[in-house]
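Student: Generate a structure from the sequence data that follows.
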Amino acid sequence: MPKVKIKINDVEYEVEQGLSVLDAAESVGIEIPHFCAHKYLKPAGLCRMCLVEIKGARKLQTSCTTPVKEGMEVYTESDAVVKARKEILELHLANHPLDCPECDQAGDCLLQKYYDEYGLYERRFDIERTHFEKDVILSDNLILDRERCILCQRCVRFSEEILGEKLLAVFERGSRSYIATYNDEKISTLYSGNFAEICPVGAITDRRFRFKIRNWFLIKKESICPLCERGCNIYVETPKDRPYLKNYERLQRISSRDNPEINKSFICDRGRYELFSLEENRIYKGISEMEEVGWQKIKKILKEHLFTIETVILSSWMTNEEIDLALSLFKDYLNLKNIYFWGNPAGDEDEILIKKDKNPNSYYLEHKKVKRLNSKSRIDFKGSTLIFGDFFRENEFVLKKIEDESFVILISPYIPSFPEKINLLIPSANFFEKEGYYTNFEGRIQEVERIFENDKVKTEFEILEMIESILRKK
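Tutor: Numbers count the residues shown, from 1 in each chain. Okay, the predicted model is just below:
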């Protein structure tokens, strides 16, 4: 990409040609305040908060709509610019309600941030604020507070430019303008949660997260979404380690994490809301013959049955490292022929993010030449069967096919659909409790860090190490 030389605040930089002044400044670590601008939306110049001074221009320019040019000299903190920001903030806040104590965006709100940095003025308006409806149901997931809206139109533009649908629009004019759906119908899209996330203030909020916990009590931890083969980058938001937060659920919110190559800064509603189900129906004790057993007993039972195993079913939720170790033990060391992997059934697909394959690591398993199971697969279960089942609740067909005389060992974080079919149930860590690498449908390898510690269970890798120690001693 060709470069141009520009000066920002009298310091010379080399930036990519074609960038806006706003993006060029950001690329060299200089923040220019803005509301309406967004990395993945077309520039609109609506909020006027990003005004900068450009040498030779007769007036201040919106940095989001002004492309850089060779030799351009930009000032982002001149007296004129700071004065303009203060006045723009005053206009944005003229009718804005004082909702900060109860607003979910408090602590993560650009209006708060910029007022603290550039506002701090004495209020000059002594007229009654304009009032709008405060609890407008946009969808099953969203509530709109029209009084908090600053009409940046990010939500409108996201709908039209990313989703390709006209779901929201600005109605009326001037001070009477407001955001609404067409014919007041509910938004129907699998990307509705992005409307709340893309809102720079507290106008659109998430009904699931509403009034649950303050933003400043949360820690964002990096992960990926395992619900399809794309592997969207996400943040898992969990309460800080504070005594007064110990009774809060450990998983509070799922939000998008920017990755231009995979999901930009958006995720679908399934990733945003359905991942909470990974915390349900957990098991923390081993079960043998319908009785709870500890790790010593589990190891003893494994010793008795490991060498009778003839069929191994891996899980497409296993990490690359777990898959490699499993194949090393069962394919290379024990020379087993019946090694398969299961996955959640194929589903719908779109051209935005959602992929048909609803599994996080099926690409890597197929790359390793492991055969995929489905409800039509013919399997001759002989001897003992070892199953890795991270999300086994959705794959009942495997258990239905296993003969009653077969000894079945299931490694899973969850209570199985047919517990009576399982001879030994080994509790394992769920997706958020382990670390490793996953390979998405394009062959991109992504690292997953452990989000939660859980000393009650072991990861599949640790269980495989236990199996390896038994095999090597034999």
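
Student: Show me where the stretch 51-200 of the chain dips below the pLDDT cut-off.
Tutor: Within the stretch 51-200 of the chain, no range satisfies pLDDT under 70.

Student: Quick one: the helices in it, in order.
Tutor: All helices of the stretch 51-200 of the chain, identified by DSSP state H, counting those that start in this stretch, fall at 79-93, 110-118, 154-157, 193-198.

Student: Please apply the same query to the stretch 301-450 of the chain.
Tutor: Secondary structure of the stretch 301-450 of the chain (DSSP H, counting those that start in this stretch): helices located at 320-327, 362-367, 396-401.

Student: Take the ones you listed and write them to CSV, including distance to Leu373 and mean pLDDT.
Tutor: C-betas here are computed from N, CA, C, even on glycine. CSV is the format used below for the helices of the stretch 301-450 of the chain (distance: least, Cβ to Cβ, whole Å; pLDDT from 0 to 100):
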stretch, distance to Leu373, mean pLDDT
helix 320-327, 15, 98
helix 362-367, 11, 97
helix 396-401, 7, 65
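
Student: For Thr181, find the nearest of the ones you listed.
Tutor: helix 362-367 (37.3 Å; Cβ to Cβ).

Student: Could you dump the helices of the stretch 51-200 of the chain into a markdown table with mean neighbour count and distance to Ser277 added?
Tutor: A markdown table is the format used below for the helices of the stretch 51-200 of the chain (neighbours: other Cβ atoms under 10 Å; distance: least, Cβ to Cβ, whole Å):
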| stretch | mean neighbour count | distance to Ser277 |
| --- | --- | --- |
| helix 79-93 | 17 | 39 |
| helix 110-118 | 17 | 32 |
| helix 154-157 | 22 | 27 |
| helix 193-198 | 24 | 16 |
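
Student: would you turn these into TSV with distance to Glu405?
Tutor: Listed next are the helices of the stretch 51-200 of the chain as TSV, based on distance: least, Cβ to Cβ, whole Å:
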stretch	distance to Glu405
helix 79-93	73
helix 110-118	65
helix 154-157	59
helix 193-198	48
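
Student: for these, which one sits closest to Glu289?
Tutor: Proximity to Glu289 (Cβ to Cβ) singles out helix 193-198 among the helices of the stretch 51-200 of the chain, at 44.2 Å.

Student: Distance from that closest one to the middle of the chain?
Tutor: Here helix 193-198 shows a centroid-to-chain-centroid distance of 12 Å under the convention Cα atoms, centre = their mean, to the nearest Å.

Student: same check, this time on stretch 158-174
Tutor: Its chain's C-alpha centre lies 24 Å from the corresponding centre of stretch 158-174 when counted by Cα atoms, centre = their mean.

Student: What are the buried residues along it?
Tutor: If you call a residue buried by 16 or more other Cβ atoms under 10 Å, then stretch 158-174 has these buried ones: 158-160, 162-163, 167-168.

Student: what domains does the record give for this structure?
Tutor: Using automatic domain parsing, the domain parsing of the chain gives 3-93, 127-277, 286-473.

Student: thinking again about what came up before, identify the farthest-apart pair in the buried residues of stretch 158-174.
Tutor: Ile162 and Leu168 (12.4 Å).

Student: out of everything not next to it in sequence, what's closest to Glu366?
Tutor: Closest residue to Glu366 apart from its sequence neighbours, by Cβ to Cβ, 6 or more residues apart in numbering: Arg372 at 6.9 Å.

Student: And that neighbour, how far from Ile379?
Tutor: Using Cβ to Cβ, to the nearest Å, Arg372 is found at 12 Å from Ile379.

Student: overlap in contacts of the two?
Tutor: Tyr340 (Cβ atoms under 8 Å, 6 or more residues apart in numbering).

Student: For the nearest residue in space to Gly347 that is not next to it in sequence, grab the count of nearby residues.
Tutor: Closest residue to Gly347 apart from its sequence neighbours, by Cβ to Cβ, 6+ apart: Lys358 at 5.3 Å. Using other Cβ atoms under 10 Å, Lys358 is surrounded by 22 other residues.

Student: Quick check, central residue of this protein?
Tutor: Geometric centre of the chain, nearest residue: Ile234, 2.7 Å, by Cα atoms, centre = their mean.
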